[in-house]
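*Asks:* sequence-free structure coming up:
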């Protein structure tokens, strides 16, 4: 290859580099805080489950570019991020009167109350709201009314909602799942402990704990109280009254604690059982998936 050919190739390479440089220089650089950049970053954080940071960036977007995101979409995204970040009290502060966003409020507020273990308030919300919401929200609202009935132990209402005339057609392939939720709730209700029964059962050392669901502590309490009582009796029989008083006081202390402990154990058992019931119902009914669908439709634009 002669020198002229080499020169021609070199000129072409230089020309390509110059064109690329000019094109790159002419392309407008995207500002780091442009609305598009912020929206992209929020999506990235949401995907990576960094919900608090995504919420902060959403606030930045509204501060820098007020009105860039429609108020309704902003509302849904805020609730979604707060809900996923487990900031349930803050979710309840988010309100919007215009449908369909008022319908989204019902869904998110109900779930926030449920996570806060305010099932009675959630049930009232589910029973008294939903008129004016379109078909997209119908199965979501039905689920929450059904879950309200189930976790409140209203098996009559739960059975009515499972009837063919009321059960949503959109959920026709999932009916067995909701029947299972109702059955679990009934079983949990039957398995609850009466704290007052535990209190009176505590007259027999350790029996209150045993009834309340803490069998190892019940057995231990029975052994400890029996040992101290036996030693106290033995001390009195051998004319060791001071030792008998000490041992008898110890036995009385543990006995009284056993009676009160059985009552408290039964209450704690019921609280944990109720919490487990809520969490299982939330998961089994797919309430989080409902909120994700609302986010996909009314949240950040693609």
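*Replies:* Happy to help now that I have it. None of these values were measured; they are calculated from a predicted model.
*Asks:* Show me how far stretch 83-97 is from its chain's centre.
*Replies:* 12 Å (C-alpha atoms, centre = their mean, to the nearest Å).
*Asks:* what about that stretch, start to end distance?
*Replies:* Taking C-alpha to C-alpha, to the nearest Å, stretch 83-97 runs 19 Å from one end to the other.
*Asks:* go on, stretch 181-199?
*Replies:* Stretch 181-199: ends 31 Å apart by C-alpha to C-alpha.
*Asks:* Buried residues, that stretch. List them.
*Replies:* 181-182, 184-185, 188-189, 193, 195, 198-199 (16 or more other C-beta atoms under 10 Å). All C-beta spots, glycine's among them, are computed from the backbone N, C-alpha and C.
*Asks:* ok, now stretch 87-99?
*Replies:* By 16+ other C-beta under 10 Å, the buried positions in stretch 87-99 come out as 87-88, 90-92, 94, 96.
*Asks:* Where does pLDDT dip in this protein?
*Replies:* Low-confidence segments of the chain (pLDDT under 70): 1-32, 119-131.
*Asks:* Repeat the analysis, applying 80 as the threshold.
*Replies:* Counting by pLDDT under 80, the chain shows low-confidence ranges at 1-33, 117-132, 301-302.
*Asks:* center of it - which residue?
*Replies:* The centre of the chain sits closest to residue 115, judged by C-alpha atoms, centre = their mean, with a distance of 4.6 Å.
*Asks:* correct me, but that one touches residue 89?
*Replies:* No: distance between residue 115 and residue 89: 10.1 Å, which falls outside the contact criterion (C-beta atoms under 8 Å).
*Asks:* circling back to that earlier point, generate a markdown table for the buried residues of stretch 181-199, with distance to residue 273 and secondary structure as supplementary columns.
*Replies:* Output for these, formatted as a markdown table (distance: C-beta to C-beta, whole Å; DSSP: H, G, I helix; E, B strand; the rest coil):
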| residue | distance to residue 273 | secondary structure |
| --- | --- | --- |
| 181 | 15 | helix |
| 182 | 16 | helix |
| 184 | 11 | helix |
| 185 | 11 | helix |
| 188 | 6 | helix |
| 189 | 9 | helix |
| 193 | 8 | coil |
| 195 | 13 | helix |
| 198 | 14 | helix |
| 199 | 18 | helix |
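*Asks:* Make a markdown table out of these and add distance to residue 229.
*Replies:* Shown next, in a markdown table, are these (distance: C-beta to C-beta, whole Å):
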| residue | distance to residue 229 |
| --- | --- |
| 181 | 48 |
| 182 | 48 |
| 184 | 43 |
| 185 | 43 |
| 188 | 37 |
| 189 | 38 |
| 193 | 27 |
| 195 | 26 |
| 198 | 21 |
| 199 | 20 |
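*Asks:* still on that earlier bit, show me the contacts for the residue nearest to the centre of the chain.
*Replies:* Residue 115 makes contacts with 86, 88, 278, 282, as judged by C-beta atoms under 8 Å, 6 or more residues apart in numbering.
*Asks:* for this protein, which helix is longest?
*Replies:* Criterion DSSP state H: the longest helix present in the chain is helix 241-285.
*Asks:* circling back to that earlier point, and which of the contacts of residue 115 is nearest to residue 49?
*Replies:* Set against residue 49, the nearest of the contacts of residue 115 by C-beta to C-beta is residue 86 (11.8 Å).
*Asks:* Just give the closest residue to that closest one, not the sequence neighbours.
*Replies:* residue 115 (7.4 Å; C-beta to C-beta, 6 or more residues apart in numbering).
*Asks:* returning to what we had before: between residue 115 and residue 89, what contacts are shared?
*Replies:* With C-beta under 8 Å, 6+ apart as the test, residue 115 and residue 89 reach no residue in common.
*Asks:* returning to what we had before: identify, from the buried residues of stretch 181-199, the entry nearest to residue 151.
*Replies:* residue 185 (5.8 Å).
*Asks:* Can you tell me how far the closest one is from residue 263?
*Replies:* Residue 185 sits 25 Å away from residue 263, taking C-beta to C-beta, to the nearest Å as the criterion.
*Asks:* could I get the buried residues of stretch 87-99 as CSV with distance to residue 136?
*Replies:* Listed next are the buried residues of stretch 87-99 as CSV, based on distance: C-beta to C-beta, whole Å:
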residue, distance to residue 136
87, 26
88, 24
90, 25
91, 20
92, 23
94, 19
96, 16
